[in-house]
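[1] Compute the structure for the input listed below.
(chains A and B)
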2 protein chains.
Amino acid sequence: MRIVLDAMGSDTHPEPELRAAIEAFERWNDPIILTGQELLLNAKLSSMNINPDAVRVIHAPEVLGMKDKPAQSARGKAQSSMAIGIQMLKDGRADAFVSAGNTGGVMANALFRLGRIRGLKRPALATVFPVRGGHAIIIDLGANADCRPINLLQFAILGSEYAKLIFQVQNPRVALISIGEEAGKGNKLVSDTFPDMQGLGLNFIGNIEPKELFAGAADVAVMDGFTGNILVKTTEAAARFLFEIIRTEIKSTAITSLGGLLARPAFDRIRVRLDPAQYGAAPLLGVKGLVFVGHGRSNSNALVNAIRVARDAVKGNLLEALVISLKNQLSLTDIMEEVN
Amino acid sequence: MRIVLDAMGSDTHPEPELRAAIEAFERWNDPIILTGQELLLNAKLSSMNINPDAVRVIHAPEVLGMKDKPAQSARGKAQSSMAIGIQMLKDGRADAFVSAGNTGGVMANALFRLGRIRGLKRPALATVFPVRGGHAIIIDLGANADCRPINLLQFAILGSEYAKLIFQVQNPRVALISIGEEAGKGNKLVSDTFPDMQGLGLNFIGNIEPKELFAGAADVAVMDGFTGNILVKTTEAAARFLFEIIRTEIKSTAITSLGGLLARPAFDRIRVRLDPAQYGAAPLLGVKGLVFVGHGRSNSNALVNAIRVARDAVKGNLLEALVISLKNQLSLTDIMEEVN
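    Residues are numbered from 1 along each chain as shown, chains lettered A, B, ... in the order given. Below is the predicted model:
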């Protein structure tokens, strides 16, 4: 299997990428294709004394930074590690692409070089989110700040296929995130989308509030990208804030400090359980290729998990499943769009 | 001071309301006006052996439940404890109204009976939210699921005045919640609102993400009611989920259980520190009267705190401050609306 890893993606590139490539090779015995500055990468590789079979370096002279404007990055920096890696998917020289770089840059390059699946209005980023008893998929995570009902309907289809693959469930429970569970409740976007969701042929369970999301009520939670981004970032920020308060309060007396010391293994287990690194990266669903975007702060562990998820997507024919599922629903969503 | 408390509001009414009224009288020596079913309330009061000076019961034969449609509740149930209580504000027979009942019902009654401050498009619910080193105001909490820029601009004015009152700061830091801190980032609503926010004469510090909100970067965080509701409910749900995981992991071994036992006072302090009861109730800012809405699950402690905040608002002439502040900004926001 041919997985391309953007070697210039993460905030501290290329070390996490190189370590991830080596570990991935040890695990799955498929060399990782690294795109990036050849001289730099080869120097690092030889200083790390790495098995030359583990990686294949494809030279990309340019680097797309966090400051680069996404819109200009695809055409303007055609020799970036992202552009060259994604172009390899397009040319059939690779099966999936993983980057921890500028999300907007990955999206722009993917849209420009791969294009969208026929009939799909807008690709979406999906993420896996810890909930009681397991995980849920949040879609969209921020690729589309403003949405129309047709977008949410299509996100529901994309998210449902992705849930089948990664949760191995037949009929994922799909919900709209809203404020109030009744059909009429929510903002205009949600209440306009609700009736058409019922006609999609998915296992649509209705609106849910954040409380039900965390309770594990749905496998796929559908929302516009602004809401999805706020929801996920609020969760991360709230968790960090809580742990900070817990640490301060525990350290404030000798007895509770001792308690904290004894309870430490429990907190270590929680850290592992909630570590975003275990979910690896967010797929950009709906472009004609398997593209995964990781957090800029990804460490090698997160990147190995991203490679694992990318491998699962290749093995499970995710792209084909998305194409078929969208095609089957297209007549429906087209009619809906006429109405909306 | 004449504070009206809706005796039929909370999920377990009227006990929390009666206990709150007694405690408020003991604290501030002003009798609380209770609206509700006289026979029921008098029976409870005599069974509780209460000082008859502590409360004044105003008979309201109807009760507005959680199932009542807000839109119909104002006209259709004119004899509800909410309707009668809010009418007392209108008639100058009370200074502030507090209810832990149906939020939509309170809003509908307040709009119908009191009306909006001149020039204000939409009133908003504001809440006080724990952040590092203190608190921030979230506005709107869900009164307006769909907003235009003019609404957010006016929420910023309302929120800033409320922050002056409750945080006792001269020049509250006002921010727009968004996904990305740069001026252009966010959804259409946020990016359309941003430039006009800069011209309002408030201490506008720009866009912030949830991370900065929790870090205490702003005193007032402005957003549409859908986003505000999702943000606050996600925080509550994430915190509950985390504490659940912590409990489970701590109890999973004997050593960590002992640690948890010793650390317990720290967790008790955290519970107090994060208890929403301490903020009491959310003001409905922008109607011509001081109206506060508490959570349906409010206990007597939360209601006493709501009464305290209502008293502060009366003493601080909040309504007058809002009227003046809106009036001073009206020429500005009117011009802006023409443009938008």
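
[2] C-alpha only now, for contacts and for neighbours.
    OK.

[3] Can you tell me which residue is spatially central in chain A?
    By CA atoms, centre = their mean, chain A has its centre lying nearest to A:Ala282, at 0.7 Å.

[4] Tell me the spacing between that one and A:Ile150.
    22 Å (CA to CA, to the nearest Å).

[5] repeat for A:Tyr162
    19 Å.

[6] Could you pick out the residues of the stretch 201-340 of chain A near chain B for me?
    A:209-211, A:214-215, A:226-227, A:229-231, A:233-239, A:241-242, A:245-246, A:249-250, A:252, A:255-267, A:269-270 (CA under 8 Å from any CA of the partner chain).

[7] The same query, at a cut-off of 6 Å, please.
    A:210-211, A:234-235, A:237-238, A:249-250, A:256, A:259-260, A:262-263, A:266 (CA under 6 Å from any CA of the partner chain).

[8] can you put those in JSON lines and add pLDDT, secondary structure and distance to B:Ala108?
    Listed next are these as JSON lines, based on pLDDT from 0 to 100; DSSP: H, G, I helix; E, B strand; the rest coil; distance: CA to CA, whole Å:
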{"residue": "A:Pro210", "pLDDT": "97", "secondary structure": "helix", "distance to B:Ala108": "25"}
{"residue": "A:Lys211", "pLDDT": "96", "secondary structure": "helix", "distance to B:Ala108": "26"}
{"residue": "A:Thr234", "pLDDT": "96", "secondary structure": "helix", "distance to B:Ala108": "30"}
{"residue": "A:Thr235", "pLDDT": "95", "secondary structure": "helix", "distance to B:Ala108": "32"}
{"residue": "A:Ala237", "pLDDT": "94", "secondary structure": "helix", "distance to B:Ala108": "34"}
{"residue": "A:Ala238", "pLDDT": "94", "secondary structure": "helix", "distance to B:Ala108": "32"}
{"residue": "A:Glu249", "pLDDT": "93", "secondary structure": "helix", "distance to B:Ala108": "42"}
{"residue": "A:Ile250", "pLDDT": "93", "secondary structure": "helix", "distance to B:Ala108": "45"}
{"residue": "A:Thr256", "pLDDT": "93", "secondary structure": "helix", "distance to B:Ala108": "48"}
{"residue": "A:Gly259", "pLDDT": "92", "secondary structure": "helix", "distance to B:Ala108": "50"}
{"residue": "A:Gly260", "pLDDT": "92", "secondary structure": "helix", "distance to B:Ala108": "49"}
{"residue": "A:Leu262", "pLDDT": "93", "secondary structure": "helix", "distance to B:Ala108": "53"}
{"residue": "A:Ala263", "pLDDT": "92", "secondary structure": "helix", "distance to B:Ala108": "50"}
{"residue": "A:Ala266", "pLDDT": "92", "secondary structure": "helix", "distance to B:Ala108": "48"}
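
[9] Going through those, which ones are buried?
    A:210-211, A:234-235, A:237-238, A:249-250, A:256, A:259-260, A:262-263, A:266 (16 or more other CA atoms under 10 Å in any protein chain shown).

[10] Mind jotting down where the strands sit in chain A?
    Ranges of strands in chain A, per DSSP state E, are A:3-6, A:32-36, A:55-59, A:96-99, A:124-131, A:134-139, A:173-177, A:203-208, A:220-222, A:282-285, A:290-293.

[11] Is A:Pro61 in contact with A:Gln37, as I believe?
    Yes. Using CA atoms under 6 Å, A:Pro61 makes contact with A:Gln37 at a distance of 5.3 Å.

[12] When those two are compared, which one has more neighbours?
    Remark: of A:Pro61 and A:Gln37, A:Gln37 carries more neighbours, 20 against 16, as counted by other CA atoms under 10 Å in any protein chain shown.

[13] before we move on, the earlier item: how much space separates the residue nearest to the centre of chain A from A:Met223?
    16 Å.

[14] again with A:Val63
    32 Å.

[15] Which parts of the stretch 1-150 of chain A are helices?
    Secondary structure of the stretch 1-150 of chain A (DSSP state H, counting those that start in this stretch): helices at A:15-28, A:38-47, A:70-76, A:81-90, A:103-113, A:149-167.

[16] pull the CA atoms of the fourth one into CSV?
    This means helix A:81-90. Extracted in CSV, the C-alpha atoms of helix A:81-90 (Å, rounded to 0.1, in the frame of the first residue of the first chain):
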residue,chain,number,x,y,z
SER,A,81,5.2,18.9,-0.3
MET,A,82,1.4,19.0,-0.1
ALA,A,83,0.9,19.8,-3.8
ILE,A,84,3.3,17.1,-4.9
GLY,A,85,1.9,14.5,-2.5
ILE,A,86,-1.7,15.2,-3.5
GLN,A,87,-0.8,15.2,-7.2
MET,A,88,0.6,11.6,-6.7
LEU,A,89,-3.0,10.5,-5.7
LYS,A,90,-4.4,12.2,-8.8
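
[17] Could you say which of the strands of chain A is packed most deeply?
    For the strands of chain A, the largest average neighbour count (mean count of other CA atoms under 10 Å in any protein chain shown) is found in strand A:220-222, namely a mean of 32.

[18] Show me what that strand is packed against.
    strand A:134-139, strand A:173-177 (3 or more CA pairs under 6 Å, 6 or more residues apart in numbering or on different chains; DSSP states H and E).

[19] do you know which of those lies nearest B:Met48?
    When the helices and strands packed on strand A:220-222 are compared by CA to CA, strand A:173-177 sits nearest B:Met48, at 44.1 Å.

[20] just how off-centre is that closest one within its chain?
    Between the centre of strand A:173-177 and the centre of its chain there are 18 Å (CA atoms, centre = their mean, to the nearest Å).

[21] any residue of that strand up close to chain B?
    No. Strand A:173-177 stays clear of chain B (CA under 6 Å from any CA), getting no nearer than 8.6 Å.

[22] Dump the C-alpha coordinates for that strand into CSV.
    Extracted as CSV, the C-alpha positions of strand A:173-177 are listed here (Å, rounded to 0.1, in the frame of the first residue of the first chain):
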residue,chain,number,x,y,z
ARG,A,173,-27.2,6.5,13.9
VAL,A,174,-27.1,9.9,12.3
ALA,A,175,-28.3,13.1,14.2
LEU,A,176,-28.4,16.8,13.6
ILE,A,177,-26.8,18.9,16.4
